[in-house]
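**Q** Test case, fold it:
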Amino acid sequence: MAASRRGGGTPGSTEAAGTADRAGDVDEVPAPPEPPGPPAPPPAGGEDAGAARGRWTGWRVVLVLVLFAAVVGCATWIVFFSSVLGLREIEVVGNLTVPSEQIQRAAGVPEGHPLATVDLGGVRGRVLGIRQIESAAVERTWPGTLRIAIVERRPVAVLPVAGKAALVDKYGVVTEVRSVGSPRLPLLRVNRPSPEDPSTRAALAVIVSLPATLAPKVAEVRATGPEAVSLRLGDGRTVVWGGADRARQKARILMTLLKKPADSYDVSSPEVVTVE
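**A** Residues are numbered from 1 along each chain as shown. I've put the predicted structure just below:
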């Protein structure tokens with residue numbers, strides 16, 4: 001009977017042990033993580049500091065723009081409106097007979113005028129109003145010089161006009177009127193002397209084309225038409241030249257013919273020349 005009671009206690013012990021084991025099993029299960037807490041509050045004064053930085057950046061941009069505008073405005077005033085970079089000198093080059101003072105007066109730009117606003121085309125036009133000047137180039141030379149480079153008209157013939165001697169260039173423009181012509185220049189004889197007259201242009205083209213060995217021998221050039229130009233040499237001999245074409249060929253042939261005594265030479269057609 002005692003053994004039976006011991007045996008009866010065994011199941012109870014086994015159950016208690018099992019319960020204890022289950023309790024141990026429960027204790028070993030990890031606890032679930034705690035839910036996240038509320039976000040940490042921003043540091044005190046963060047929004048105010050960001051706004052301050054934004055305001056400073058904006059003022060800095062405005063300040064840079066103001067300074068840039070001031071620099072540009074100052075530079076514009078100095079270049080275009082003040083006399084700091086104004087005209088100090090008008091330099092004239094290329095003139096041989098026309099005085100520099102005359103060209104400077106014709107330029108019409110007062111001293112101190114802002115160099116950047118000088119009308120170069122206007123200056124050129126006024127300088128070309130001087131009839132002795134054939135061409136002109138005007139440019140600025142900083143900080144204060146206006147440079148005018150000119151090419152003067154070169155007289156090539158003397159045109160008798162009302163008892164006077166008018167010197168004309170290769171375009172037929174009168175450069176000067178004298179009481180007596182130049183012995184170095186041939187007389188020009190045409191019916192209607194004018195830069196637009198075909199006979200005048202042909203005669204002048206022939207004069208310009210004469211080689212240096214022949215030009216000094218020519219005393220007079222006459223043209224009754226653009227294809228009817230003739231020369232009178234200083235010794236009285238005459239040359240029928242024809243038109244202004246093939247000038248070099250005609251001059252070469254004429255220099256050979258002049259070695260033969262004659263009163264007249266016709267080189268108007270270089271293929272068939274005549275000597276009388």
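
**Q** how much space between Pro114 and Pro143?
**A** Distance, Pro114 to Pro143, by Cβ to Cβ, to the nearest Å: 11 Å. For glycine as for every other residue, the C-beta is placed from the backbone atoms N, C-alpha and C.

**Q** The two: who's more crowded?
**A** For the pair Pro114 and Pro143, the greater number of neighbours falls to Pro114 (18 against 10), based on other Cβ atoms under 10 Å.

**Q** Could I get the pLDDT score of that one?
**A** The model reports Pro114 with a pLDDT of 92.

**Q** do Ala247 as well
**A** At Ala247, pLDDT is 94.

**Q** Could you find the closest non-adjacent residue to it?
**A** Ser209 (3.5 Å; Cβ to Cβ, 6 or more residues apart in numbering).

**Q** my read: the one you found touches Ala251, true?
**A** Yes - look at Ser209 against Ala251 with Cβ atoms under 8 Å: they come within range, at 7.3 Å.

**Q** Walk me through the domains of this structure.
**A** According to automatic domain parsing, the chain comprises the domains 89-152, 157-275.

**Q** how far does the longest one stretch from start to finish?
**A** End-to-end distance of domain 157-275: 27 Å, with Cα to Cα, to the nearest Å as the criterion.

**Q** List the residues that contact the residue nearest to Ala247.
**A** 244, 247-248, 251 (Cβ atoms under 8 Å, 6 or more residues apart in numbering).

**Q** check contacts around Ala190.
**A** Wrong residue type there; residue 190 is Val, not Ala. 197, 199-200, 203, 222-223.

**Q** again, only this time at 10 Å
**A** Residues in contact with Val190, defined by Cβ atoms under 10 Å, 6 or more residues apart in numbering, are 157, 159, 172, 197-204, 221-225, 229.

**Q** what about Ala251, how many residues close to it?
**A** Using other Cβ under 10 Å: Ala251 sits among 18 other residues.

**Q** And the host helix or strand of it, what's buried?
**A** Assigned by DSSP states H and E, Ala251 belongs to helix 247-257. Of the residues in helix 247-257, 247, 250-251, 253-254, 257 count as buried by neighbour count, 16 or more other Cβ atoms under 10 Å.
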